[in-house]
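Chemist: One predicted model, sequence on top.
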Amino acid sequence: MNHMVDMKKNPSITLTDLNKNIQKYILFTKERVKRSIEISKSKSLVALKIIPFLLHINRHNFPGFVSRREDVGGMVLFSWDQDTRREIRDFFPAHYVLDDPKFYAAPRKPMIESLQLIGSIGTVAQTEKSDFDYWVCIDKSKLSVADIALLEEKCRLLEQWVADTRNIEAHFFVEDVENIRNNRFGKLDKERAGTSQGNILKEEFYRTAVWLVGRIPLWWAVPAGASIDDYDKAIELLSNSTQTVQSTFIDMGRMGKVPLKEFIGAALWQINKALYSPYKSVLKMGLLEGFINTANHLELPCEELKRLVLESTIPEDFPDPYMLMVDRIIAYYSELGLDTVVDLLRECFYIKAQTKITLGDLHDPRPDFKKKIMVSCVRKWKWDMGHVDRLNSYEEWRFDRVLELGEMLHNYLRETYIRLKDHLKKTESNEVMISDTDLAILGRRLWTFYSRSPDKVEILKNPFEDALPLESLSFYSHLDRLANKRTWGILLGRVPNNYDCVADPKGLILRKSGSLLEVLSWMVHNRVFDKTTSLNFIPTSVPVSLADIQWLLSELVSFFPQIKISDIDNQALLNEPIISSIYVMLNFTQAEWVKKLTEVGIFYRNTWSELFFMEVSPERAVDQVMALINRDGQKSILNREKVRINSLKGFYPTKVRHDFMVQLKKKIGLKFNLF
């Protein structure tokens, strides 16, 4: 399609400028598509070629078919060029309808004005695991509520199809162009807990989006750094042009100055997102923090990208949007003299890119684009191959090394939070777009993650979301006969029976305690295992078996379903935490023939998703359980489904368990299921 603009010249924006800019942008998007296919050919072909086609059609026997109406979907300016037809035929070889010329007739009423991909696609940060986030841009004034509902249904069907058949994670955001123009982003903004960040979302869109089909964002036709008057003049010129020219572009709004209040709010909420996978979020947080302190004298990242794209002379010279962000962050922290932070962020970026540079790559005359960028980084940062090899093997790091990186990342998060809080104190209240309520919610999320208190089960500071669960784990028990003290622990991997668990020469111990139940509480809360994890028990003379441990782990996982801190209900965080579930385990490590209560472990969780574990003496056990049940008085949400009493084996009511429950019922009158 020819995107030449037929309009009269004006003093500030000329015909040549607009034509040159839009043609350069088209080349840039084609280069991004090419790079994406180079990284992950099969997934990118589906995401970049097949998905747009399936959004354009609505035919029986094709994925995304909505049966309730024929004309669901359809895209403005969809091009049926020969390459597109060939790729679709290759993907759907059994669909003979593709040979029928009538199949390619344009939809009577296309619903989609423009289709864009936002994120790391076609950049150095894209990997085989990258997801695909689509902005499906519509003009709400042209569609009914029913039209939009059917289009959203089609998008959901396609999301499910690519997940089930291609192992691709895709998300479709159906957004109205008028809302985008006015920085209202609907579903895209909900995860930001009420804090408005419309300008930041638009900046991220212009910086990372890949235009796929439909109308092209007018913003890219206007020169970098153009004034408001220039942008408005471009709109005026378009409105006076031919219908063909007008239909080529879509006005998604200019990119004005982002208010400082948005950057502060966005950075604070980025900390919340970073809790469970910090290495993915620290770079974005660094970008936001850097801009807070340089907002008055630096151009927006998207404007910098546009300027560099429009200045490029050949496709190979087009800048990488993600690398542009990394360079900006590194420069900011380097100027502050925070060398430790600089080193940490460089390593996070290298790991995120998942491009393992070898000695041979340093001398490769024709590397692919990702290796070319990463080799340049290795040289620029003056890393030796020992440093590079250590990062290349991060998937094989000892668990303590992984947690060491996690601790460093979380220290960075905490220090950044402190710096942002200090910045808030120096900023006028009307300049901060984050409410006291939002700030309270964030603070309490951080509290649940970082705070330590008696009996609270510690949360692993894991740097990688996908580092857990572990493939295999081994339990051990050691009795110090001199001190008459037994230690229980869990080791990484399938450990030989003769391994010295006391000296632990290979550093395999993940957790150890005088209580096996405490070790299990830590395992359950941090989900270091799942159904695929191989569990082993180094033989020892104790009455508890591996089968007993597996049974109790299964019980606890079922009783305490995993709730990520980022998923805790906001309303719960605005209230004081209330105990929501209690699990009592009796005589777990005692022999079955023991009829007297000698061991009591109590697990309980509150509405802030904090898990606690305590061991109490048999004499205090009933009173302790009663105290937990009554702790919150009238606010208590405990009931018979949220309190469970069990003993070893658990498959039948033991005498110990029966006697304990009789005492408990006498005290508080609760009715418990004995099984």
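Modeler: Happy to help now that I have it.
Chemist: any idea how far Trp383 is from Tyr333?
Modeler: Tyr333 sits 17 Å away from Trp383, going by CB to CB, to the nearest Å. Glycine gets a C-beta too; all of them are placed from N, C-alpha and C.
Chemist: try Glu128
Modeler: For Glu128 relative to Trp383 (CB to CB), the value is 24 Å.
Chemist: Compare neighbour counts for these two and give me the winner.
Modeler: Neighbours of Glu128 and Trp383, each counted by other CB atoms under 10 Å, are more numerous for Trp383; the result is 19 against 11.
Chemist: Check the gap between that one and Ala331 for me.
Modeler: 18 Å.
Chemist: can you check Leu510 too?
Modeler: Leu510 is 39 Å from Ala331, by CB to CB.
Chemist: Neighbour count: the two, which is higher?
Modeler: Between Leu510 and Ala331, counted using other CB under 10 Å, Leu510 has the larger neighbour count: 22 against 13.
Chemist: What pLDDT does the model give the residue nearest to the more buried one when sequence neighbours are not counted?
Modeler: Of all residues not flanking Leu510 in the chain, Ile490 sits nearest, at 5.1 Å (CB to CB, 6 or more residues apart in numbering). With respect to pLDDT, Ile490 scores 96.
Chemist: May I see the buried residues of the helix or strand in which Ile490 is found?
Modeler: Secondary structure from DSSP states H and E places Ile490 in strand 485-492. Within strand 485-492, the residues that count as buried by 16 or more other CB atoms under 10 Å are Arg486, Thr487, Trp488, Gly489, Ile490, Leu491, Leu492.
Chemist: Repeat that for stretch 568-584.
Modeler: Ile568, Ala572, Leu573, Pro577, Ile578, Ile579, Ser580, Ser581, Ile582, Tyr583, Val584.
Chemist: can you redo these as TSV with secondary structure, distance to Leu115 and pLDDT?
Modeler: What follows is the buried residues of stretch 568-584, written out as TSV (DSSP: H, G, I helix; E, B strand; the rest coil; distance: CB to CB, whole Å; pLDDT from 0 to 100):
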residue	secondary structure	distance to Leu115	pLDDT
Ile568	coil	35	87
Ala572	helix	38	91
Leu573	helix	37	91
Pro577	coil	45	92
Ile578	coil	46	91
Ile579	strand	49	93
Ser580	strand	44	91
Ser581	strand	46	92
Ile582	strand	51	93
Tyr583	strand	50	94
Val584	strand	55	94
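Chemist: and the two most separated of those?
Modeler: Taking CB to CB, the two most distant members of the buried residues of stretch 568-584 are Leu573 and Val584; they sit 27.2 Å apart.
Chemist: What does Leu310 show for phi and psi?
Modeler: phi -70, psi -20 (degrees, to the nearest 10).
Chemist: Double-check it against Pro223; I have them as touching.
Modeler: Yes: using CB atoms under 8 Å, Leu310 makes contact with Pro223 at a distance of 7.1 Å.
Chemist: Touching both of those two, which residues are there?
Modeler: Jointly contacting Leu310 and Pro223 under the rule CB atoms under 8 Å, 6 or more residues apart in numbering are Asn21.
Chemist: His410 versus Phe449, what's the distance?
Modeler: In terms of CB to CB, Phe449 sits 8 Å off from His410.
Chemist: before we move on, what about Pro321?
Modeler: 27 Å.
Chemist: More neighbours: those two, which one.
Modeler: Higher neighbour count among Pro321 and His410: Pro321, with 28 against 20, using other CB under 10 Å.
Chemist: That one: what's it in contact with?
Modeler: Pro321 touches Thr123, Arg207, Thr208, Leu305, counting by CB under 8 Å, 6+ apart.
Chemist: My understanding was that the third one contacts Gly122; is that so?
Modeler: Put plainly, it is Thr208. No: Thr208 is beyond contact range of Gly122, at 9.4 Å (criterion: CB under 8 Å).
Chemist: Determine the set of other helices and strands touching the helix or strand Phe613 falls within.
Modeler: Here Phe613 sits within strand 611-616, counting by DSSP H and E. Judged by 3 or more CB pairs under 8 Å, 6 or more residues apart in numbering; DSSP states H and E, strand 611-616 is in contact with helix 516-526, strand 600-606.
Chemist: Let's have those in a markdown table, adding distance to Val97 and mean neighbour count.
Modeler: Putting the helices and strands packed on strand 611-616 into a markdown table (distance: least, CB to CB, whole Å; neighbours: other CB atoms under 10 Å) gives the following:
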| stretch | distance to Val97 | mean neighbour count |
| --- | --- | --- |
| helix 516-526 | 52 | 23 |
| strand 600-606 | 55 | 22 |
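Chemist: Can you lay out the ones you listed as TSV showing mean pLDDT and distance to Phe132?
Modeler: Shown next, in TSV, are the helices and strands packed on strand 611-616 (pLDDT from 0 to 100; distance: least, CB to CB, whole Å):
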stretch	mean pLDDT	distance to Phe132
helix 516-526	96	30
strand 600-606	96	36
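Chemist: Reformat these as CSV; add distance to Gly290.
Modeler: As requested, the helices and strands packed on strand 611-616 are exported to CSV (distance: least, CB to CB, whole Å):
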stretch, distance to Gly290
helix 516-526, 32
strand 600-606, 37
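Chemist: separation between the residue nearest to Leu510 and Leu556?
Modeler: Where Leu556 is concerned, Ile490 sits at a distance of 14 Å (CB to CB).
Chemist: ok, now Leu492?
Modeler: According to CB to CB, Leu492 and Leu556 sit 21 Å apart.
Chemist: And Glu204, by the same measure?
Modeler: Counting by CB to CB, the gap from Glu204 to Leu556 is 40 Å.
Chemist: Give me the phi and psi for Ser120.
Modeler: phi -90, psi 0.
Chemist: which is the next helix or strand following the helix or strand of the chain with the lowest mean pLDDT?
Modeler: Lowest on mean pLDDT, DSSP states H and E among the helices and strands of the chain sits helix 187-190, with a mean of 46. Following helix 187-190 in sequence order, the next helix or strand is helix 198-208 (DSSP H and E).
Chemist: just checking, what packs against that following helix?
Modeler: Right, helix 198-208 is packed against strand 112-118, helix 187-190, helix 260-274, helix 301-311, helix 321-336 by 3+ CB pairs under 8 Å, 6+ apart.
Chemist: same thing but at 6 Å, please
Modeler: helix 260-274, helix 301-311 (3 or more CB pairs under 6 Å, 6 or more residues apart in numbering; DSSP states H and E).
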